[in-house]
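In: Give me coordinates for this.
(chains A and B)
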Amino acid sequence: MSLRMPEPEAAVLARRAEIVRALSTVVPGEGVISNEREMRPYESDGLTAYRQLPFVVVLPETTEQVAEVLRYCHEHGIRVVPRGAGTSLSGGALPLADGVLLGMGKFNRIREIDFENRVVVVEPGVTNLAISQAVAHESFYYAPDPSSQIACTIGGNIAENSGGVHCLKYGMTTNNVLGCEIVLITGEVIRIGGKHLDAEGYDLLGIITGSEGLLGVITQVTVRILKKPETARAVLVGFPSSEAAGECVSRIISAGIIPGGMEMMDKPAIHAVEEFVHAGYPLDVEALLIVELDGPAAEVDHLLERVEAIAREHGATEVRVSTSEDERLLFWAGRKAAFPAVGRISPDYYCMDGTIPRAKLPLVLKRTRELSEQFGLRVANVFHAGDGNLHPLILYDANKPGELERTEAFGAEILKLCVEVGGVLTGEHGVGVEKRDLMPAMFSEIDLNQQQRLKCAFDAKGLLNPGKVFPTLHRCAELGRMHVHAGRVAFPDIPRF
Amino acid sequence: MSDTLKPRDGKDVEAAVQWALAEGKTLEVMGQGSKRAIGRAAQWDLSLDLSDLSGVTLYEPEELILSAKAGTPIAEIETLLAANNQELAFEPIDYGPVFGADPGRGTIGGVLGANLSGPRRIKAGAARDHFLGVTAVSGRGETFKSGGRVVKNVTGYDLCKVLAGSYGTLAVMTDVTVKVLPRAETEQTVLVLGLDDANAIRAMSAAMNSSNDVSGAAHCPATTSASIQAEATQALTLLRLEGVAPSVAHRRRALEALLKPFGEITLLEEGASRDAWRVMRNVMPFTGGARALWRISVAPSHGHEVAAAIGEGTEYFYDWAGGLIWAALPAEGDGGAARMRAALKGGHATLIRAPAAIRAAVPVFEPQDAALAALTKRVKESFDPKGVLGPGRMYAGV
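Out: Residues are numbered from 1 along each chain as shown, chains lettered A, B, ... in the order given. I've put the predicted structure just below:
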C-alpha cells in the first residue's frame, strides 16, 4: 500500500491498556472492543484496497457517551475515526493505528416521524433505506438514494454528502437535510436547524454535510421527506455512439425536461450487465440511456413523447418505453446491478467518481479508451448522465503483481482529466484517502489552507479523522499565522468615491 | 460611511482587503446596496462596492450552469435566463419594495450573500442549494476558490454554503457559479377563501402532503389579502402549481377536490398567478412603510401558534406552507424583538427592516446558545481573523 497516513503517536500507542480501560468506563459492557479478532471487521470500509486494524473500537449508544469519549480523546490527544456502516468507497472510515474507531451503529432508532411537517428525526446509524421504509405506508420517501442505500447510514450520508440516481431532480444529501446534532471533539454538543427551513446564522449544516467526519460526530439528524410521485415510467434508448447519446441528453435538458433519473452505460458495461441480469438491453449499441420521468400520469406521458421524439432525432436505434411497473424495474435492475455485473467479468474492479461538464463526455470517453490501452486495463463506463457524474470501472486482478498500482495510476489519470476539462475529482463518493493526494490538481495551497482553517474552527488539535481529504496536514497555529504589514501597504490604486 | 472603494476586478479586491488589514480598517461589502440596511447597525470605515465587477462570464443552458462576476445585476441574469426559458429556481426575493426603493436592483453576489429564497424554496431549495462554485477574497486578503462549475460535486468542504447567508462577513465573493433550471411552461394558483390561520395551515399541509407537486403555499389573513386581490375582504390561501399544461390541469383538479372540504375555491390563471406570487415573493404587503419587519422561520405546523403568540398590533402573512411568517409591527421600543423570540419554539426570527437605533439595540439575527456562538466566532475568524469584513453586522463582536 502506497498510501501515507499520519505517523502513529508513540505516546498514545504505549498507553493502550490504560486508554481502553478509561473508555470502558464511559461505554461499559461490550461497547469497547480491543481484541484483534473482533476488531478485524472494522479494518477497512468499501475501499478494500486499504486496511488498518484500529487502535480500539468504541460503540457508544448515547450522545452523552459520544461527548464523554470525545472529551477524553481531546484531553489526551487521541485521534478519532467516526464510522457509520463502512460503505465508503473513498476510505473515509479507514482506521488509524493509534485512533479510536467510533462506530455509530447503535444509534439506530427513528426518533420521530412528523408527516405534518414532512420531516423525520433519526439517529445517525439508521440506514438510508430504513427512512424511506418507515414512511412508505403514507407514500412518502427520503429522496437521496445512493446505490448502497440498503446498508449505508444517514450519518455516513451526511458525512459524504451522498447522491444517487435521482439527485439531478431531487438533490443530494445537503439539499435534503434540515438539522443535526453534532458533538465536537471537545465534547460540546451543537444543535443546528430543525424542522424549519434554513438554519440560522452561518450555514454550518452545509459545511458539516460532506465534511467526511473531520468536523464532528453526528448524533441526530432531521431530514426532509417527499411524497412519492403519482407514477414513474422509464424509456430505454440505444445509440450508435456515445456522442449521439450525450447530445440527446443535452437536448432533453435544454428542452426544459429534468428527468427523475437519466443514466448512461457504454458498450462494455451494457454487455456485462445483460449477461448478468437479462434486462433485455440491446447489445448492438455503443451507448444505452435510461430516462425516467416521474409525476402525474398526464405529465409523464406528455414528456415521454417529447423524450422519444428527441431520441429519434438524435439517431436512436432502439427506443423502448416501459409499459408496466415490472418492466420499468427491469430496466433499472440492469443499471443498479452494473457494479456487481462488472465484478463478474473481472476478479476486481476499481470504481472512479469524477464529474465533468456533460459536453466533454465524448472527449473524456475517447481519452479514457486511449488510457485503457496505454495501461493495458479494461474499463466499463457507467454515467449519471443528467449531472455529468462519471463512474469508470477499471477492471483488474489484485493477485497479479503490480496491477493494483497500475489501476490506481490509471484512475488518477482519469480524475486529472476530469479536472482538466472543467470537472471535479469526486461527484458523490468523497475524497477520503483515495483522492486525497489528487486534491492539488483541483485546489491551490491557498484554497486548501482556507478549508483547513475552517477545520481548525471545529477541531483545533486536528484529532478527528486526520489523514483524510487533505494531502498535507498543517497545525492550526501555523495556518492561523498572519503577517500584517501595518502602515506599509500603499493605498491600492482603486477608484474611490 | 464616508468613503467607498470601487474595485474593478478580483485583484483590486485583494489589494483593498490587504490594505485594510495593514491599516486596521473595516470594510462594508456591498453590491448595489439594495440590502445595505439589513443586519445590526454598526459602523465601518469604508464601503467596498462590487458593482463594477459585473458580467456573466459563462452560461451553458444545457449544462444548467451560469457563472458571473459577483456584482452582476440580478435583473440582467434573470433576463438572460428567461430568454432561454430558464430561471433561478430559488426565486430570489427582491427587497427593493420593502425598503421603499425601486424593484429590480441587487446583484447575484448580494442574493447569495443574503441567501435570498422566495416561495419556491419549499420545492426547489434555497439560494445556497443552487450555489455551485465561488472565487472569493478572505479577510486575510487571500483569493481562494471552492466548488466548481458542475452540478454534482463533493470535492472538499462546500465553502459556498457557509458564504451563502454570511452577509459579506467572511469573504468578498468576486466570481460565482450557480445552478440554473428550466422555467415552468405555465402555472396556476388554487385559491381557498376565508380560512382562519389554523385551517389554512392544515389546508397547506394537506396540499404539500399530496403528490400534486405544489411549488408555492402561502396564506394571507384578511388584514393582508388586499395585496393579492384589491377587492379581497377575507383571508386568501394560495397554492401554486407549475409545469407543462396537461400536468398543471390534472393537478389543479386533484387539488381542488382535496381542498374542497376546507372552503370555497377559486382559481388564478397564469397571469394573475404570476402577479400574486410576485407579491408574496417580494413581501409586498409590507412595501415601504415604517413598521419593523420580521422574517420568521418555523416548523410549518406551528406557524399559526407562533403568529398568535406574537400578539396584538401585528400584521403578517405566511409563506412556505406556514413555515415562513412575515410580520410587521410598530417600530417602537425593541421593535417586537422580545415578543418575537418568546413566541418561537424552535426556528429563528430575523429583523429585516427597522430603524438603525433598533437594529443597534436588539439582536437582528436569532441569538445563539454559548457553544454555537463560540463556534460561529471561530468560523468567522477562520476566514477573517482581524475582523476586517463587516464586523458586527450579524452578531456583536463577531
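
In: where along chain B do the helices fall?
Out: B:10-23, B:74-83, B:108-113, B:121-124, B:159-163, B:197-208, B:245-259, B:270-281, B:303-310, B:337-343, B:356-361, B:370-383 (DSSP state H).

In: tilt between the longest one and helix B:197-208?
Out: Per axes from the mean of the first three to the mean of the last three Cα atoms, to 10 degrees, the angle that helix B:245-259 makes with helix B:197-208 is 140 degrees.

In: just checking, what packs against helix B:245-259?
Out: Counting by 3 or more Cβ pairs under 8 Å, 6 or more residues apart in numbering or on different chains; DSSP states H and E, the packing neighbours recorded for helix B:245-259 are helix A:297-313, strand B:186-193, helix B:197-208, strand B:236-243, strand B:265-268. All C-beta spots, glycine's among them, are computed from the backbone N, C-alpha and C.

In: so what's the residue in the stretch 151-300 of chain B that chain A sits nearest to up against?
Out: Distances between the stretch 151-300 of chain B and chain A by Cβ to the nearest Cβ are smallest at residue B:161, namely 2.5 Å. Residue B:161 makes contact with A:174, A:203, A:205-207, A:209, B:128, B:131, according to Cβ atoms under 8 Å, 6 or more residues apart in numbering or on different chains.

In: I'd like to know how many residues surround residue 183.
Out: As the question left the chain open, I've gone with chain A. By other Cβ atoms under 10 Å in any protein chain shown, the residues close to residue A:183 number 26.

In: hmm, I had chain B in mind actually
Out: Residues contacting residue B:183 under the criterion other Cβ under 10 Å number 17.

In: Just list the residues touching the closest residue in space to it that isn't next to it in sequence, thanks.
Out: In this structure, residue B:183 finds its nearest non-sequential neighbour in residue B:87, 4.4 Å apart by Cβ to Cβ, 6 or more residues apart in numbering or on different chains. Counting by Cβ under 8 Å, 6+ apart, residue B:87 touches B:78, B:81, B:180-183.

In: follow-up on the earlier one: and the helices and strands packed on helix B:245-259, which is most packed in?
Out: Counting by mean count of other Cβ atoms under 10 Å in any protein chain shown, strand B:236-243 has the highest mean neighbour count of the helices and strands packed on helix B:245-259, with a mean of 27.

In: helices or strands up against it?
Out: Checking 3+ Cβ pairs under 8 Å, 6+ apart, strand B:236-243 ends up next to strand B:186-193, helix B:197-208, strand B:214-220, helix B:245-259, helix B:270-281.

In: Tell me the strands beside that strand, with direction?
Out: Note on strand B:236-243: by DSSP bridges, its sheet partners are strand B:186-193 (antiparallel), strand B:214-220 (antiparallel).

In: Could you dump those strands into a markdown table and include mean pLDDT?
Out: Shown next, in a markdown table, are the strands paired with strand B:236-243 (pLDDT from 0 to 100):
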| stretch | mean pLDDT |
| --- | --- |
| strand B:186-193 | 98 |
| strand B:214-220 | 98 |
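
In: Export those to a markdown table and append columns for distance to residue B:252.
Out: Listed next are those as a markdown table, based on distance: least, Cβ to Cβ, whole Å:
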| stretch | distance to residue B:252 |
| --- | --- |
| strand B:186-193 | 5 |
| strand B:214-220 | 11 |
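
In: if we can go back for a sec, for the contacts of residue B:87, which two are the farthest from each other?
Out: The widest separation within those, taken as Cβ to Cβ, falls between B:78 and B:182 and amounts to 14.2 Å.

In: Could you list the contact residues of the stretch 51-200 of chain A toward chain B?
Out: With Cβ under 8 Å from any Cβ of the partner chain as the criterion, the stretch 51-200 of chain A meets chain B at residues A:114-119, A:138-139, A:160-161, A:163, A:167-168, A:171-172, A:174-175, A:184, A:188-192, A:194-200.
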